[in-house]
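S.K.: Okay, sequence plus prediction incoming.
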Amino acid sequence: MTPCDEPFLSNLDIFLFSLIAGLIVYWLIFRKKVEPIPEFKKLDAQTTRETSFIDKMKKTGKNIVVFYGSQTGTAEEFANRLAKDAHRYGMKGMSADPEEYDMSELSRLPEIENSLAIFCMATYGEGDPTDNSQDFYDWLQEGDADFTGVKYTVFALGNKTYEHYNAMGKYVDQRLAELGAQRIFDLGMGDDDGNLEEDFVSWREQFWPAVCEHFGVEATGEESSIRQYELKVHSDLNMNKIYTGELGRLKSFENQKPPFDSKNPFLAPVTVNRKLNKAGDRHLMHLELDITGSKIRYESGDHVAVYPINDSVIVNRIGEVLGVDLDTVISLNNLDEESNKKHPFPCPTTYRTALTHYLDITNPPRTNVLYELAQYATDPKEQENMRKMASSSPEGKALYQSWVLDSCRNILAILEDFPSLRPPIDHLCELLPRLQARYYSIASSSKVHPDSIHICAVVVEYETKTGRVNKGVATNWLKSKMPTDNGHKATVPMYIRKSQFRLPFKSSNPVIMIGPGTGIAPFMGFVQERSWLKEQGKEVGETVLYYGCRHKNEDFLYQEELDEFEKTGVLTALNVAFSRDQADKVYVQHLLKKNKEAVWRLVHTDNAHIYICGDARNMARDVQNAFYEIAEELGGLSRAQAVDYIKKLMTKGRYSQDVWS
Ligand code: NAP
């Protein structure tokens, strides 16, 4: 038989075809039954989530909704406090994450009588929305919703040392008005460079009377202390069902599965941890995290977020002072069954895990924590002081500022200095904010190090006014993460946060990088990348670095690497300001001004991109002023024109900052 005479399907083909078809039908019909039963019930609220906040408000009799755009948890805390406040005025509030709800429903808010939407909006980085408010922000920008009849107010959280102070709060406040909503109280401005807590308390103090007047309601009495979670102590739980520090999925640290993100961090082994400074009493360090096999991708300029844990000395001491067995297994369950947030942190867990992995025990507590804890101080004087600090009286605010903030008293110091204050540990765990991930500018290029992420950081340690030594949570923990060869690898839970801090698209464009101290971090990545591009035969423009440190022989970070890059011509100019090697301070901005002709040529004629990384409070501002002066002097501009000139560079993405305060 010639091939052409062959039947289309042989008997064997028909048999195989029938078998496959049968298997497909079987799989389609019966696959549900054979699906493995999940090992653990999902404790995350995802399954019960509903996206209509209007329906939820109606179902639960709420008339105030407090949305939060929160990156580090503060805006969320403020939102919870405002939602709780509502009870005092005979109203009912709920806090809500805009990411979890259909925000286009805002126009339906007037369906609820006497309703109000409050927005606690934090601004992140260079005027950006927080991750959880990005979609809401995009939607507001594009949308043309009609918010007629919607009543609202906004409290903005930000930091004055940044160029775009409270940009998000201002935007939401203005945009809602443009779309027809009615602002019932003025925008609140919270400045974290000053006293954010006080800004919030002062705003709130004026805000609620305005709400009362608007809706014709009255305060029903004192600020009440209402528990949000109830304690359940477990005595017979299988240890496999207890959270031991995971952020999302139970056992996610033992059984790692990509994709890795803030809820599912990757446990990256530390392969290098070395001290960078040659002398001096500080500890500056370089760490390398191994991301092999994680499928994690990053770009030069991105940030790596790490989840630190608290010092066991502080955790144990809290247990001791409160006289509790920290290994008790507990759950804190939300009393409001409709809430999307079932627990304040992953539960069931132990007090030890909660205090070690989940709760912030080192920052000074906010005034609401003091207010709620005051009831447990049995000494009337101590109780009075706590209430005073939580009040909005000028005397109380001053006391909170000096006794808590200026003295850097954390919760343990407060328990030690108020010996009669012995709250139940579960209430304390309910009140303390969550421990947050810490962000570091990545100090490597993914082109050169695709499987490793480098960090450059300084270990934080200082003595407080009370004589205690406070240690930075993350940097001290990172310092202790030594790569070991006895089979046990030190690991760091991490994920990547994308940034806008990017090298120019065209490698032939020149770059001017300014990064004193640990501000050098992203520029190590940038220089590595420019070197790699050069090796690939690409035309690479001038690459100029302005770096600053205290002493040449002490803290000149990455000196050998930088010298080598200069030698090979990747770094076309390496300018270093040693601030303490002579009588007068020499800073990066002094060197910029000294080289003003070259700087101006690069910026004005050669289209250079300028990058600044490091301290926001003083350095970034002083460097910006130096650029104004150079533009005035060499560009013949007035100060106003110079300011405008730099602003235009920023808009074009040619003046970028990665700064912190
Ligand atoms: P550093 O070693 O303290 O300072 C680096 C160099 O910058 C030193 O030579 C310093 O000089 C100089 N400098 C001081 N003020 C300046 C100014 N206004 N303009 C230009 N240069 C100036 O740096 P670091 O330890 O890496 O820290 C840098 C900054 O970032 C510090 O303010 C630190 O608080 C902050 N930081 C914050 C975090 C965070 O997580 N929030 C982490 C790390 C660092 P002198 O000291 O001799 O004046």
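M.R.: Noted; the coordinates are in hand.
S.K.: what about the residue in the chain that the ligand sits nearest to, neighbour count?
M.R.: Nearest residue of the chain to the ligand: Gly517, at 2.3 Å (CB to the nearest ligand atom). All C-beta spots, glycine's among them, are computed from the backbone N, C-alpha and C. Neighbourhood size, Gly517 [other CB atoms under 10 Å]: 21.
S.K.: swap in Lys647?
M.R.: 12.
S.K.: which SS state does it fall under?
M.R.: With DSSP: H, G, I helix; E, B strand; the rest coil as the basis, the three-state label of Lys647 is helix.
S.K.: shouldn't Asp131 be in contact with Gln71?
M.R.: Yes. With contact defined as CB atoms under 8 Å, Asp131 reaches Gln71; the gap is 6.6 Å.
S.K.: residues shared between the contacts of these two?
M.R.: Shared contacts of Asp131 and Gln71, defined by CB atoms under 8 Å, 6 or more residues apart in numbering, comprise Tyr124.
S.K.: show me what contacts the residue of the chain closest to the ligand?
M.R.: Val458, Gly548, Cys549, Asp555, Leu557, Gly614, Asp615.
S.K.: sec struct for the fifth one, please.
M.R.: Here Leu557 is recorded as coil under three-state DSSP.
S.K.: Read off the pLDDT value for it.
M.R.: Note on Leu557: pLDDT of 98.
S.K.: Hmm, Leu276 and it touching each other?
M.R.: Yes. Using CB under 8 Å, Leu557 makes contact with Leu276 at a distance of 4.9 Å.
S.K.: Identify the contacts common to the two.
M.R.: Listed as contacting both Leu557 and Leu276 by CB under 8 Å, 6+ apart are Leu284, Cys456.
S.K.: Looking at those two, which is more packed in?
M.R.: A count of neighbours by other CB under 10 Å puts Leu557 above the other of Leu557 and Leu276, at 25 against 19.
S.K.: Now for that one: which residues touch it?
M.R.: Going by CB under 8 Å, 6+ apart, the list of residues near Leu557 reads Leu276, Asn277, Leu284, Cys456, Gly517, Thr518, Ile520, Tyr547, Cys549.
S.K.: and the first one, how far is that from Tyr611?
M.R.: Pointing back at Leu276 there. 21 Å (CB to CB, to the nearest Å).
S.K.: With the fifth one instead?
M.R.: For Gly517, the distance to Tyr611 under the criterion CB to CB works out to 15 Å.
S.K.: Please apply the same query to the third one.
M.R.: Distance, Leu284 to Tyr611, by CB to CB: 21 Å.
S.K.: And for the last one?
M.R.: As judged by CB to CB, Cys549 and Tyr611 stand 18 Å apart.
S.K.: quick one, which of those two is more surrounded?
M.R.: Between Cys549 and Tyr611, counting by other CB under 10 Å, Tyr611 is the more crowded of the two (26 against 23).
S.K.: I'd say the more buried one and Asn509 touch.
M.R.: No. Using CB under 8 Å, Tyr611 is not in contact with Asn509, being 11.9 Å away.
S.K.: near the ligand, which residues of this structure?
M.R.: Neighbours of the ligand within the chain, by CB under 6 Å from any ligand atom: 458, 516-518, 548-550, 555, 579-580, 585, 587-589, 614-615, 618-619, 622, 660.
S.K.: Just the buried ones from those?
M.R.: 458, 516-518, 548-550, 555, 579, 587-589, 614-615, 619, 660 (16 or more other CB atoms under 10 Å).
S.K.: Restricted to strands, list those.
M.R.: Of these, the ones assigned to strands by DSSP state E are Val458, Gly548, Cys549, Gly614, Asp615, Trp660.
S.K.: how about these, which pair is most distant?
M.R.: By the measure CB to CB, Cys549 and Trp660 form the most distant pair in these, at 17.5 Å.
S.K.: is it true that Ile309 touches Asn476?
M.R.: No. Taking CB under 8 Å as the definition, Ile309 is not a contact partner of Asn476, at 10.5 Å.
S.K.: Which pLDDT value goes with the closest residue to Val321 other than its chain neighbours?
M.R.: Leaving out its chain neighbours, the residue that sits closest to Val321 by CB to CB, 6 or more residues apart in numbering is Leu415, at 5.0 Å. The per-residue pLDDT reported for Leu415 equals 98.
S.K.: so who does Leu415 touch?
M.R.: Ile318, Val321, Leu322, Leu421, Arg422.
S.K.: How about the contacts made by the third one?
M.R.: Pointing back at Leu322 there. Leu322 is in contact with Leu415, Arg422, Pro423, Ile425, Leu428, counting by CB under 8 Å, 6+ apart.
S.K.: correct me, but His283 touches Val460?
M.R.: No. In this structure, His283 is not within contact of Val460 by CB under 8 Å, at 9.6 Å.
S.K.: just the strands in the stretch 51-200 of the chain please.
M.R.: Assigned by DSSP state E, counting those that start in this stretch, the strands in the stretch 51-200 of the chain fall at 64-69, 93-96, 116-124, 128-129, 151-158, 182-183, 188-191.
S.K.: ok, Leu267 to Leu289 distance?
M.R.: Taking CB to CB as the measure, Leu267 falls 10 Å from Leu289.
S.K.: Identify the contacts common to the two.
M.R.: Val492.
S.K.: Neighbour count for the two, which is higher?
M.R.: Leu289 (28 against 18).
S.K.: Excluding chain neighbours, give the residue nearest to that one in space.
M.R.: Ala268 (3.8 Å).
S.K.: which SS state does the one you found fall under?
M.R.: strand.
S.K.: Based on its surroundings, how many neighbours for it?
M.R.: Ala268: 26 surrounding residues under other CB under 10 Å.
S.K.: do the same with Ile512
M.R.: Neighbour number of Ile512 under other CB under 10 Å is 25.
S.K.: where's it, which helix or strand?
M.R.: Using DSSP states H and E, Ile512 maps to strand 511-514.
S.K.: Please name the strands paired to that strand in the sheet, noting orientation.
M.R.: Applying DSSP bridges, strand 511-514 is found paired with strand 543-549 (parallel), strand 609-615 (parallel).
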